[in-house]
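S.K.: next comes the sequence, and after it the predicted model I'd like to discuss.
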Amino acid sequence: VKSRPGRRRAPWAAEGVDAEVYGRIEWVHGDLEATGLADESQDLVSLAFVTHELPQHATRAAFREAARLLRPGGILVMCDNDPMSPVIQNLPAPIFTLMKSTEPWSDDYYTMDMEGALADAGFVHIHSEAMDPRHRCILASKPPAARAGAP
């Protein structure tokens with residue numbers, strides 16, 4: 001599709017996304033560990049193939065920020081490599097070494113207890129499931145708000 005000089009084609013048009021829906025999305029480029037977004041302002045935080053790129057301290061900070069951003073009952077979903085997958089576990093040493101050469105934080109990622117770090121950040125109902133032979137999805141939720149008068 002050609003567009004006239006000075007006009008940009010709407011990025012969502014080719015994907016078939018409703019313009020009204022797309023218009024409500026606010027794209028923010030910022031620091032994962034300190035977004036600057038308002039407390040309890042989001043229903044969902046998604047981390048897709050991010051955490052294997054981070055040292056453990058940054059992952060923990062990102063989880064704390066996600067917990068701060070989520071409304072009570074909000075969901076964090078993350079997809080990334082599955083350290084326990086048979087494919088990863090059975091990689092030949094030279095291939096694993098080659099893979100690690102492009103992933104400086106892979107040792108941090110593969111040794112981190114993600115579920116424990118999510119619990120430390122205040123998440124509950126943490127569930128991990130294989131997405132395919134090499135990857136997993138982890139879902140976690142922020143606890144619902146306490147009801148007035150509840151013990």
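M.R.: All right, it came through fine. Numbering: from 1, shown residues only.
S.K.: find the helix or strand that residue 147 is a member of.
M.R.: Per DSSP states H and E, residue 147 falls between elements, in no helix or strand.
S.K.: contacting residues for residue 77?
M.R.: Residue 77 is in contact with 44, 45, 46, 47, 137, 138, 139, counting by Cβ atoms under 8 Å, 6 or more residues apart in numbering. Every residue, glycine included, has its C-beta placed from N, CA and C.
S.K.: give me the phi and psi for the second one.
M.R.: Looking back up the chat, that one is residue 45. phi -120, psi 130 (degrees, to the nearest 10).
S.K.: pretty sure it contacts residue 71?
M.R.: No: contact criterion Cβ atoms under 8 Å: residue 45 and residue 71 do not qualify, at 10.6 Å.
S.K.: so which elements touch the host helix or strand of residue 116?
M.R.: Here residue 116, judged by DSSP H and E, is contained in helix 114-120. Applying 3 or more Cβ pairs under 8 Å, 6 or more residues apart in numbering; DSSP states H and E, one finds that helix 114-120 makes contact with helix 56-69, strand 124-130, strand 135-141.
S.K.: what's the offset of the first one from the middle of its chain?
M.R.: In this view, helix 56-69 has its centroid 10 Å away from the chain centroid, taken as Cα atoms, centre = their mean, to the nearest Å.
S.K.: same question for the last one.
M.R.: Taking Cα atoms, centre = their mean, the mean C-alpha location of strand 135-141 is offset from the chain mean by 9 Å.
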